[in-house]
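K.L.:
Okay, sequence plus prediction incoming.
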Number of protein chains: 4
Amino acid sequence: MVHIKKPWIFTASCPSKLGTVDVVTRFMAEAGNYVDEIHSFDDHVSKRFFIRIEFQPQNEAFSAKQFGEEFEPRATEFGMTWELTKPEHKPRVAILVSKYDHCLNDLLYRHRTGQLNIEVPVIISNHPDLKALAEWHDIPYYHLPITAETKPQQEKQIIELLDQYDAELVVLARYMQVLSPWMCDQLNGKAINIHHSLLPGFKGARPYHQAWEKGVKMVGATAHYVNNDLDEGPIITQGIQTVDHAFYPEDLISKGQDVERITLFNAIRYHIEKRVFLNGSRTVVFSS
Amino acid sequence: MVHIKKPWIFTASCPSKLGTVDVVTRFMAEAGNYVDEIHSFDDHVSKRFFIRIEFQPQNEAFSAKQFGEEFEPRATEFGMTWELTKPEHKPRVAILVSKYDHCLNDLLYRHRTGQLNIEVPVIISNHPDLKALAEWHDIPYYHLPITAETKPQQEKQIIELLDQYDAELVVLARYMQVLSPWMCDQLNGKAINIHHSLLPGFKGARPYHQAWEKGVKMVGATAHYVNNDLDEGPIITQGIQTVDHAFYPEDLISKGQDVERITLFNAIRYHIEKRVFLNGSRTVVFSS
Amino acid sequence: MVHIKKPWIFTASCPSKLGTVDVVTRFMAEAGNYVDEIHSFDDHVSKRFFIRIEFQPQNEAFSAKQFGEEFEPRATEFGMTWELTKPEHKPRVAILVSKYDHCLNDLLYRHRTGQLNIEVPVIISNHPDLKALAEWHDIPYYHLPITAETKPQQEKQIIELLDQYDAELVVLARYMQVLSPWMCDQLNGKAINIHHSLLPGFKGARPYHQAWEKGVKMVGATAHYVNNDLDEGPIITQGIQTVDHAFYPEDLISKGQDVERITLFNAIRYHIEKRVFLNGSRTVVFSS
Amino acid sequence: MVHIKKPWIFTASCPSKLGTVDVVTRFMAEAGNYVDEIHSFDDHVSKRFFIRIEFQPQNEAFSAKQFGEEFEPRATEFGMTWELTKPEHKPRVAILVSKYDHCLNDLLYRHRTGQLNIEVPVIISNHPDLKALAEWHDIPYYHLPITAETKPQQEKQIIELLDQYDAELVVLARYMQVLSPWMCDQLNGKAINIHHSLLPGFKGARPYHQAWEKGVKMVGATAHYVNNDLDEGPIITQGIQTVDHAFYPEDLISKGQDVERITLFNAIRYHIEKRVFLNGSRTVVFSS
């Protein structure tokens, strides 16, 4: 069996300009880094450049620190923001849930089997229901109930917990609460939500019921970054399933769970594999 | 090779009630009709019953007229509307187009090869562009230009032509005009439109541009019956394709053509095979 | 929200003959059973008839026993085998596994949340690895190791356990053993296996490696009944995923898990909802 | 509307080695070529490197000739084979057919509407049936009947015609003949065939009948390069459709046509957009 060593991942983005590719690839060559795969894309509308490289350092003395010191001056010339991700990096992903457990169960399964290369330092919920599932995986579970009155305080607690557990990414795995603008600001760009419709269709509450009313023949799910505009954050990926007249709303809810969890999983995987770039209100995703 | 004789098709619908199936199937048995396939569905929300049967009469003397005379009294008891379609029936389908020809070309191809068992007695357009294509298929082509002022008159001409050519179904194969309420009324329930989005998402003009703006990762097409509410008629079927950041709006337009034409074809096929039933603002489709 | 009562399910099959539908539907009507849904199909090649009906008895005194006593004489006339399934019936499904847990985890999740309406009385494995997962679900787990020498004896133990736990269906959820002919006979028609290829392509061992060698652009999974011809049992359903050049064999293995588990779930669901009929070496599946 | 200028396309392949990316991207930068998009892939099994770049020359004096003279020495060092494709290049694609016209009709439609940016200099068939279709598109049509005796001579005629019409690519659009080894050699690597199964499943004749016999629930199509091993040439892309028990073999044939033509179209598009690379008996496809 071929054993492929996990690569380092380099990602960068900057305004479009002649030479953006070369400033990166030349540096890679000079540093003796073996390139496994490149994707680059230059968006003619937003006038931005995006690149993702998987590489294997050939030099035993390779260090992220030295890479940074040497590359930063070149990046600066292009106004380039960039990031280097180690093969052994395991992002710390906090999960927020309510009562539905299909997404949580799926993520924890992939976490414990290594299919999703993450740490899950904490699970937070406004309900106590999923505590046993968290405990079986030895993950701290916080039950923070919420009412209209306690909402500001509950959200503050969540943010403190995310901070305390050093979460790099937050996943709203069917967390059935409308976040306050303050909370959205706190999570802006570092939280992924799964919505159970093909956004922007059927925004807001009870999307499967809306879909049923309209008699659509396909329903889906959308994984997107949280921003300060409810259900309008940049879309990462979407999934779909075919339905027919014999699906009542509760059937849509039940059947939609597979699409929801796979769509959420894909979004998280793309994110942690550094395949997703913000591009205004849209995204660039170098999927595999 | 198995040669399956084309069946007769019986379809019916009525308010839900005990015995709806039996009144039909008993009649079939008594008449000596061999049943190839049944689909029935009783909608618990709309409280309506739907049934479709493919059958082969065993009695040489079988006639639609006699079937009707004998069945009608039983149907009346259940408030049942029903229809009998002969194996050799070729529906007369008029096609309305503008300049885009991908749907028209596809339909004419399937028409001339027999994949779509229809007559196409007439093609009507507000542009002259597709005349040659119509002529190669020996189908009369009417160029009826339209302006804001001439719209009422042009629509009247269309309705007259549909009447003159005895069209049983009208297909709007990317006919890029907003129909007047009068025209919608005329076509209500007997015209199928193809819209290039997953309705009700991206209603109205330039849906691919709307989709691009939102950064969606899937675009689609919707075939629906025309009613008097623009882009809101009952949905028959929908199709989908995956897209990514590298699709500019004009790429979406180009790539969407395959989904549009297959979705429209499926809707027409379902319709002429009597698989589609109106169910309020929704449809029941016994697809195959 | 619409609450639909779970229906009774009637299924039957017999040689093709005029009147097969009527003998069933007339009985339903006479017994005062309200029909929610019918699918029937008459296969012109195998000359067999298949029917599935969902119904709600209207008569409070309805009993399966009485149904049987009254219907059996009519069935006999047609050589019809039939089955009646109560709404509250929970089939007892035994699961066989080896080390891979993606299918088992998925099935147990759907079992505990009620998405899959089954009992899981016992899990049997040739490895100890998945014991903890079984225990968390309070399901007895038997570790029956196997070697070339102990195979006959181990298989006998399995069959005894299936008997002891009164299993109505056996699911081979990636049980990585070639069953002996004796074992196949024991399980004939009452066991479902998931094979990780689009059978009959890539039969036998290491199908993902075979697929990689051939450079295919799609890989899939097949759920089929076990019969006495390895990987040749009647196919129930198949699933697919698109792959590309960047998938090494181990990537195919990892990526294939989602298709495998959903395909297996669908097959089990079709089976317990009585949607699957054997039709020679093929199946009739009235899917929803 | 964004108007994106058609790019130049550079493609290359060579044995894996440190610096393969840099030798290309550095040259692009030095030549003042603006890079729109890069895909590169280094295959750890075959130890080969593949790259595809879309770029816009910024230098008005840019010429393919000069590019070649300057790049060739660098390519030689890496044993790199490479190709430069002009934006205005329209490949000359000859089409071979028999009687089925669904693929031909589709290709000619995409050809005449510009969706497929090709010239079709000649259509060759062993039957006269599709002459009218060719003529409507003003394309020379050669009817070269074939018998067991005349096969060598007929194939020689075809090769001469391909030569005479200067065909760069040959498409077997359901050309229902088994090519001789000599013919395969002539077409090796420059002809695309569409096979109506998911190869390597159901090789050889009547694949839909084979599929039906096996009771599969999915059938598909495979576009592959012709090589000297019948139905075993490197696969470019595959398509799929779901089927059920109600599809008789002739239904599969009819329903399969949409998958066949879209799969063939995709393969041709990938090929002419220089997205396909041979990689031993497999391919690398940088699809979009």
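P.N.:
Here it is on my side, so go on.

K.L.:
What ranges does the stretch 1-150 of chain A have for its strands?
P.N.:
Shown for the stretch 1-150 of chain A, the strands assigned by DSSP state E, counting those that start in this stretch span residues A:8-15, A:33-43, A:48-57, A:81-85, A:93-97, A:123-125, A:141-143.

K.L.:
The stretch 1-150 of chain A against chain C: which residues are in contact?
P.N.:
Within the stretch 1-150 of chain A, the positions adjacent to chain C are A:1-2, A:4, A:37, A:101-102, A:105-106, A:109, A:113, A:115, A:136 by CB under 8 Å from any CB of the partner chain. Bear in mind the C-beta positions are built from the backbone N, C-alpha and C, glycine included.

K.L.:
Which ChimeraX command selects the buried ones in those residues?
P.N.:
This is how ChimeraX selects the buried members of the residues of the stretch 1-150 of chain A next to chain C, with burial counted by 16 or more other CB atoms under 10 Å in any protein chain shown:
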select /A:37,101,102,105,106,109,115
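
K.L.:
So among the residues of the stretch 1-150 of chain A next to chain C, where is pLDDT lowest?
P.N.:
Here the lowest pLDDT out of those sits on A:M1, with 51.

K.L.:
check contacts around the one residue in the stretch 51-200 of chain A that gets nearest to chain B.
P.N.:
Closest residue of the stretch 51-200 of chain A to chain B, CB to the nearest CB: A:P200 (5.3 Å). A:P200 makes contact with A:231-232, B:201, B:214, B:216, according to CB atoms under 8 Å, 6 or more residues apart in numbering or on different chains.

K.L.:
Neighbours of whatever residue of the stretch 51-200 of chain A ends up closest to chain D, how many?
P.N.:
Nearest to chain D, among the residues of the stretch 51-200 of chain A, is A:Q58, at 6.3 Å (CB to the nearest CB). The number of residues packed around A:Q58, counting by other CB atoms under 10 Å in any protein chain shown, is 11.

K.L.:
where along the stretch 151-288 of chain A do the strands fall?
P.N.:
Under DSSP E, counting those that start in this stretch, the stretch 151-288 of chain A gives strands at A:169-172, A:191-195, A:218-225, A:235-242, A:276-279, A:282-285.

K.L.:
Rebuild these as a markdown table, extending it with mean neighbour count, distance to A:S13 and mean pLDDT.
P.N.:
Shown next, in a markdown table, are the strands of the stretch 151-288 of chain A (neighbours: other CB atoms under 10 Å in any protein chain shown; distance: least, CB to CB, whole Å; pLDDT from 0 to 100):
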| stretch | mean neighbour count | distance to A:S13 | mean pLDDT |
| --- | --- | --- | --- |
| strand A:169-172 | 24 | 18 | 98 |
| strand A:191-195 | 25 | 19 | 97 |
| strand A:218-225 | 25 | 15 | 96 |
| strand A:235-242 | 22 | 16 | 96 |
| strand A:276-279 | 21 | 6 | 97 |
| strand A:282-285 | 24 | 8 | 97 |
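
K.L.:
for those, which one sits closest to chain B?
P.N.:
So among the strands of the stretch 151-288 of chain A, strand A:282-285 is nearest, using CB to the nearest CB, at 3.1 Å.

K.L.:
Does the closest one reach chain C?
P.N.:
No: judged by CB under 8 Å from any CB, strand A:282-285 stays clear of chain C, getting no closer than 15.2 Å.

K.L.:
mind listing what that strand pairs with, with the direction of each?
P.N.:
Listed by DSSP bridges, the sheet partners of strand A:282-285 and their directions read strand A:276-279 (antiparallel).

K.L.:
rewinding a little: dump the strands of the stretch 1-150 of chain A to a markdown table, plus distance to chain B.
P.N.:
Listed next are those as a markdown table, based on distance: least, CB to the nearest CB, whole Å:
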| stretch | distance to chain B |
| --- | --- |
| strand A:8-15 | 12 |
| strand A:33-43 | 6 |
| strand A:48-57 | 8 |
| strand A:81-85 | 18 |
| strand A:93-97 | 22 |
| strand A:123-125 | 28 |
| strand A:141-143 | 32 |
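
K.L.:
how about the ones you listed in a markdown table, adding distance to B:F49?
P.N.:
Listed next are those as a markdown table, based on distance: least, CB to CB, whole Å:
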| stretch | distance to B:F49 |
| --- | --- |
| strand A:8-15 | 58 |
| strand A:33-43 | 54 |
| strand A:48-57 | 55 |
| strand A:81-85 | 59 |
| strand A:93-97 | 41 |
| strand A:123-125 | 44 |
| strand A:141-143 | 48 |
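
K.L.:
nearest to B:S180, of the ones you listed?
P.N.:
Closest of these to B:S180 is strand A:33-43, at 40.9 Å (criterion: CB to CB).

K.L.:
near chain B, which residues of the stretch 151-288 of chain A?
P.N.:
Residues of the stretch 151-288 of chain A lying near chain B (CB under 8 Å from any CB): A:198-201, A:213-218, A:220, A:234-238, A:240, A:244-246, A:248, A:279, A:281-285, A:287.

K.L.:
for chain D, what are the nearby residues on chain A?
P.N.:
Contacts of chain A with chain D, taken as CB under 8 Å from any CB, map to A:2, A:4, A:18-22, A:25-26, A:28-29, A:32, A:34-42, A:44-45, A:51, A:58.

K.L.:
Show the buried residues in those residues.
P.N.:
Buried among the residues of chain A next to chain D (16+ other CB under 10 Å): A:19-22, A:25-26, A:28-29, A:34-42, A:51.

K.L.:
Can you list the buried residues in stretch A:174-183?
P.N.:
Buried, per 16+ other CB under 10 Å, within stretch A:174-183: A:174-175, A:179, A:183.

K.L.:
For that stretch, give me every contacting residue.
P.N.:
Applying CB under 8 Å, 6+ apart, the external contacts of stretch A:174-183 come out as A:96-100, A:102-104, A:125-126, A:146, A:151-152, A:155, A:158-159, A:187, A:193-194, A:196, A:226, A:228, A:230, A:260.

K.L.:
Check stretch A:243-262 too.
P.N.:
By CB under 8 Å, 6+ apart, stretch A:243-262 touches A:100, A:102-103, A:106-107, A:174, A:194, A:196, A:208-209, A:211-212, A:215-221, A:239-241, B:41, B:43-45, B:279, B:282-285, B:287, C:1-2, C:4, C:37, C:115, C:258, C:262, C:288.

K.L.:
In contact with A:S287, which residues are there?
P.N.:
Going by CB under 8 Å, 6+ apart, A:S287 touches A:237, A:270, A:275, B:244.

K.L.:
Apart from its chain neighbours, what residue comes closest to the second one?
P.N.:
Beyond its immediate neighbours in the sequence, the residue positioned closest to A:Y270 (CB to CB, 6 or more residues apart in numbering or on different chains) is A:V276, lying 5.0 Å away.

K.L.:
how about the one you found, what does it touch?
P.N.:
By CB under 8 Å, 6+ apart, the residues touching A:V276 are A:236, A:267, A:270, A:283-285.

K.L.:
Check A:I95 too.
P.N.:
By CB under 8 Å, 6+ apart, A:I95 lies in contact with A:104, A:107, A:120, A:122-124, A:170-171, A:173.

K.L.:
Could you point out the longest helix of chain A?
P.N.:
Ranked by residue count and defined by DSSP state H, the top helix of chain A is helix A:249-272.

K.L.:
how near is A:G32 to D:G79?
P.N.:
Computed as CB to CB, to the nearest Å, the A:G32 to D:G79 distance reads 20 Å.

K.L.:
With A:I268 instead?
P.N.:
In this view, A:I268 and D:G79 are 41 Å apart by CB to CB.

K.L.:
More neighbours: the two, which one.
P.N.:
Counted by other CB under 10 Å, A:I268 and D:G79 do not tie: A:I268 has more neighbours, with 26 against 11.
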